[in-house]
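Novice: Predicted model and sequence below, questions to follow.
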Amino acid sequence: MDKEKLVNKLEAILFASGKEVEIDFLLEKLQISRAKFDKALSDLQKKYSEDCGINVLKFKNKLQFATNPKYIDAVAEVLNPIREKELTKAMLETLSIIAYKQPITRLEIEEIRGVDCTYAVQNLSKMNLIEVVGKKDAVGKPLLFGTTDEFLKRFSLNDLDDLPDYESLADRIETIPIKEEDTSLFDMKSNENIGVDIPEKEEIPEFLKDEQVEIIE
């Protein structure tokens with residue numbers, strides 16, 4: 001298989017998939033060496049680079065087509081029916097803490113920030129930037145949170161070892177929008193929860209009931 005044809009095949013597969021594809025799976029199905037694959041991937045990344053509207057993301061040994069971050073505002077303006085705004089400062093700080101301290105409980109996040117983080121944790125979960133990764137072996141078995149593959153994709157990171165320094169990550173996090181509808185359970189003016197009570201012994205939220213969790217000591 002010549003290199004140009006391989007590049008076209010990768011392009012077609014990623015486009016048709018619409019989601020991430022395991023590199024090992026591609027190597028197996030296309031029956032090619034890693035060396036040939038890497039050369040073809042390099043050419044594909046060059047094709048979809050700089051001002052191109054589409055980029056090729058590589059993260060956790062997976063590939064996926066994604067919108068070029070340069071055009072996020074234009075895409076949101078046309079395709080998003082709900083006006084978007086930047087993440088709140090509280091959510092930026094919470095996401096940064098989870099990224100660098102994971103796995104970590106909500107109460108541990110609050111000890112670092114010194115304020116309630118219920119709102120931030122719930123909305124970051126809804127945005128699929130964080131997830132439950134287990135339960136801490138402590139009184140009440142509190143949930144442990146960590147970042148997701150979506151987090152890696154949003155910041156073009158291959159894995160957590162590629163995390164930049166704290167300030168750089170905070171600058172990049174500020175570009176992620178949050179939908180107005182995600183604030184419906186909270187009074188944004190007073191910043192107080194409305195009808196939401198999370199006890200010390202945390203239960204798994206309804207939207208995370210299907211998540212597989214394990215006890216982490």
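Specialist: Arrived safely. Numbering: from 1, shown residues only.
Novice: Need the nearest residue in space to the most centrally placed residue in the chain, chain neighbours excluded.
Specialist: Central residue of the chain (CA atoms, centre = their mean): residue 151, 1.9 Å from the mean position. Excluding the flanking residues, the one nearest residue 151 by CB to CB, 6 or more residues apart in numbering is residue 129, at 4.8 Å. Glycine gets a C-beta too; all of them are placed from N, C-alpha and C.
Novice: Which residues lie in contact with residue 67 in this structure?
Specialist: 53-55, 75 (CB atoms under 8 Å, 6 or more residues apart in numbering).
Novice: And for residue 18?
Specialist: With CB under 8 Å, 6+ apart, residue 18 has these contacts: residue 65.
Novice: Now do it against residue 32, distance only.
Specialist: Counting by CB to CB, to the nearest Å, the gap from residue 18 to residue 32 is 23 Å.
Novice: and if you look at residue 146?
Specialist: 33 Å.
Novice: Quick check: which ranges of this structure have low pLDDT?
Specialist: Across the chain, the ranges flagged by pLDDT under 70 are 1, 76, 79-87, 166-217.
Novice: And the strands in it, which stretches?
Specialist: 21-22, 54-59, 62-67, 84-86, 104-105, 130-136, 143-147, 177-179, 186-187, 192-193, 215-216 (DSSP state E).
Novice: I'd like those strands laid out as TSV, including distance to residue 113.
Specialist: Below are the strands of the chain laid out as TSV (distance: least, CB to CB, whole Å):
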stretch	distance to residue 113
strand 21-22	36
strand 54-59	28
strand 62-67	31
strand 84-86	18
strand 104-105	11
strand 130-136	15
strand 143-147	14
strand 177-179	18
strand 186-187	17
strand 192-193	16
strand 215-216	22
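Novice: Nearest to residue 14, out of the ones you listed?
Specialist: strand 62-67 (4.9 Å; CB to CB).
Novice: now the angle from that closest one to strand 54-59?
Specialist: Here strand 62-67 points in a direction 150 degrees away from that of strand 54-59 (axes from the mean of the first three to the mean of the last three CA atoms, to 10 degrees).
Novice: Strand 62-67: which residues count as buried?
Specialist: 62-66 (16 or more other CB atoms under 10 Å).
Novice: Okay, now the sheet partners of that strand, with direction.
Specialist: According to DSSP bridges, strand 62-67 forms sheet pairs with strand 21-22 (antiparallel), strand 54-59 (antiparallel).
Novice: now, of those strands, which is deepest in the fold?
Specialist: Comparing these on average neighbours per residue, with mean count of other CB atoms under 10 Å, the densest one is strand 54-59 at a mean of 19.
Novice: So what's the gap between it and the chain middle?
Specialist: 14 Å (CA atoms, centre = their mean, to the nearest Å).
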